[in-house]
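In: my questions are about this predicted structure, shown below with the sequence.
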Amino acid sequence: MKIAITGVAGFVGSNLAKRLLSEGHEVIGIDNYSFGNSRNIEPISTNNHFTFYQRDARDYRSFADIKADVWVHLASQKIPRYSSSFYTLNDNHQMTDNLIQKCLEDKVKLVFASTSDVYGKNTDLPFNEESNLVMGPTNVKRWAYSVSKMYSEHKIIANHDELGLQYTIMRFFGSYGPNQNTTWWGGPQAVFIQNILEGKSIEIHGNGLQTRTFTYIEDTVQGIEKCIFHSESLNDVFNIANEPDEEITIKELGLLIWELMKGDRNNPDMKLIPYETFGKYEDVMRRVPDINKIKNKLGFVPQWKMADGLRKTIEWQTLLFKQQA
């Protein structure tokens, strides 16, 4: 199968491309390198079944000469923690509209990367695909990311209803692993590991008691492949996540990474960063997935425990740190 990926030089995109190529598929990747990195796709750059275009998914002309059997849309702006919400709203809207138009014209399936952040402040746990999506006020910019993904989901489903667009929507729960961005753009694992490598304090936003359920990248890729290839994935929404019993507080995550890198939990160098640092801010205090739908319908089974995935991630990020020293 010929599969096109937006954001192919990013964390999830590069790992997905590598897996698809190893299975004999043809991959066409586009990325404008605004957040992706060429080193992520360097190992697959000489593969005869891989074609790369440095192009911008916000420009529809980027897709004009590309033909694929399915498009996986991963390129995205994220939560605007350190900036305004302008680009999160505008870019995510523009890119999704372009991909919808392209898939309608070519009559191919769109596999769209949404987020667990759409469940927002809902306190009814665990989150299944029918759960309510509960947002905070519009003057808290962090909600712009989840709102942009909710709008995209509605737009995709409306285009299915009116124009016959074929789609699958994926809601990711905190992916981590090799090739992740080593700043806050990549998530807490990345920045905690980087801080320890650089001899800095682990900076924890808020009181650290907020919980998440993180997914190692190989399990995320397994879930994406189910959404690409499984016939039962068509025109539906799926959580892609680890088991709910992997829920962990952010503080405990920091302690676990400290222990794995330093050998014990004694005297961890941790610092709490008040939410007020980011202006008016709200956080999701618990995020726990229900993955029964993707398990029962598509046969998804997560394989990685948190400690095992962190060991692989620390190994990769430590090697990268030494190479860049």
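Out: Right, received. Where do you want to start?

In: can you map out the strands along the protein?
Out: Under the criterion DSSP state E, the chain contains strands at 2-6, 26-30, 50-53, 70-73, 109-115, 167-172, 175-176, 202-205, 211-212, 215-216, 236-240, 248-249, 270-273.

In: which residues are contacting the second one?
Out: Pointing back at strand 26-30 there. Residues outside strand 26-30 that contact it (C-beta atoms under 8 Å, 6 or more residues apart in numbering): 1-9, 13, 17, 20-21, 41, 44, 49-55, 57, 62-63, 66, 68, 75. (Each C-beta comes from the backbone N, C-alpha and C, glycine too.)

In: just the buried residues of those residues.
Out: The neighbour count (16 or more other C-beta atoms under 10 Å) marks 3-9, 13, 17, 20-21, 41, 44, 50, 52-53, 55, 57, 62-63, 66, 68, 75 as buried among the contacts of strand 26-30.

In: all helices for the stretch 1-150 of the chain, in order.
Out: Under the criterion DSSP state H, counting those that start in this stretch, helices of the stretch 1-150 of the chain are mapped to 11-22, 38-41, 86-106, 143-163.

In: so which of those helices is nearest residue 137?
Out: helix 143-163 (7.7 Å; C-beta to C-beta).

In: same for that closest one, what does it pack against?
Out: Counting contacts by 3 or more C-beta pairs under 8 Å, 6 or more residues apart in numbering; DSSP states H and E, helix 143-163 packs against helix 86-106, strand 109-115, strand 167-172.

In: who wins for proximity to residue 309 among the ones you listed?
Out: Nearest to residue 309 among those is strand 167-172; the distance by C-beta to C-beta comes to 14.6 Å.

In: neighbouring strands - and their directions - for that closest one?
Out: Next to strand 167-172 in the sheet, as set by DSSP bridges, lie strand 109-115 (parallel), strand 236-240 (parallel).

In: what are the buried residues along the last one?
Out: Residues of strand 236-240 classed as buried: 237, 238, 239, 240 (neighbour count, 16+ other C-beta under 10 Å).

In: how about residues contacting it?
Out: Taking C-beta under 8 Å, 6+ apart as the rule, strand 236-240 contacts 114, 116, 127-129, 153, 168-173, 215, 219-220, 223-224, 226-227, 289-291, 293-294, 297-298, 300.

In: one more pass at 6 Å, please.
Out: Residues from elsewhere that reach strand 236-240 (C-beta atoms under 6 Å, 6 or more residues apart in numbering): 129, 169, 170, 171, 172, 220, 223, 289, 291, 294.

In: which among these end up buried?
Out: Neighbour-count burial (16+ other C-beta under 10 Å) is assigned, among the contacts of strand 236-240, to 129, 169, 170, 171, 172, 220, 223, 289, 291, 294.

In: reformat the strands of the chain as TSV; add mean pLDDT and distance to residue 323.
Out: Below are these laid out as TSV (pLDDT from 0 to 100; distance: least, C-beta to C-beta, whole Å):
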stretch	mean pLDDT	distance to residue 323
strand 2-6	98	25
strand 26-30	98	23
strand 50-53	98	22
strand 70-73	98	29
strand 109-115	98	29
strand 167-172	98	28
strand 175-176	98	20
strand 202-205	93	23
strand 211-212	97	29
strand 215-216	98	22
strand 236-240	98	30
strand 248-249	98	29
strand 270-273	94	27
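
In: want to throw those strands into CSV with distance to residue 93?
Out: What follows is these, written out as CSV (distance: least, C-beta to C-beta, whole Å):
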stretch, distance to residue 93
strand 2-6, 14
strand 26-30, 18
strand 50-53, 22
strand 70-73, 13
strand 109-115, 13
strand 167-172, 16
strand 175-176, 23
strand 202-205, 27
strand 211-212, 26
strand 215-216, 26
strand 236-240, 19
strand 248-249, 33
strand 270-273, 30
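
In: just tell me which of the ones you listed ends up closest to residue 281.
Out: strand 202-205 (8.4 Å).

In: figure out how far stretch 233-247 is from the centre of its chain.
Out: 13 Å (C-alpha atoms, centre = their mean, to the nearest Å).

In: hmm, I was thinking of stretch 106-117
Out: On C-alpha atoms, centre = their mean, the centre of stretch 106-117 falls 12 Å from that of its chain.

In: that stretch: which residues count as buried?
Out: Buried residues in stretch 106-117, counted by 16+ other C-beta under 10 Å: 106, 108, 109, 110, 111, 112, 113, 114, 115, 116, 117.
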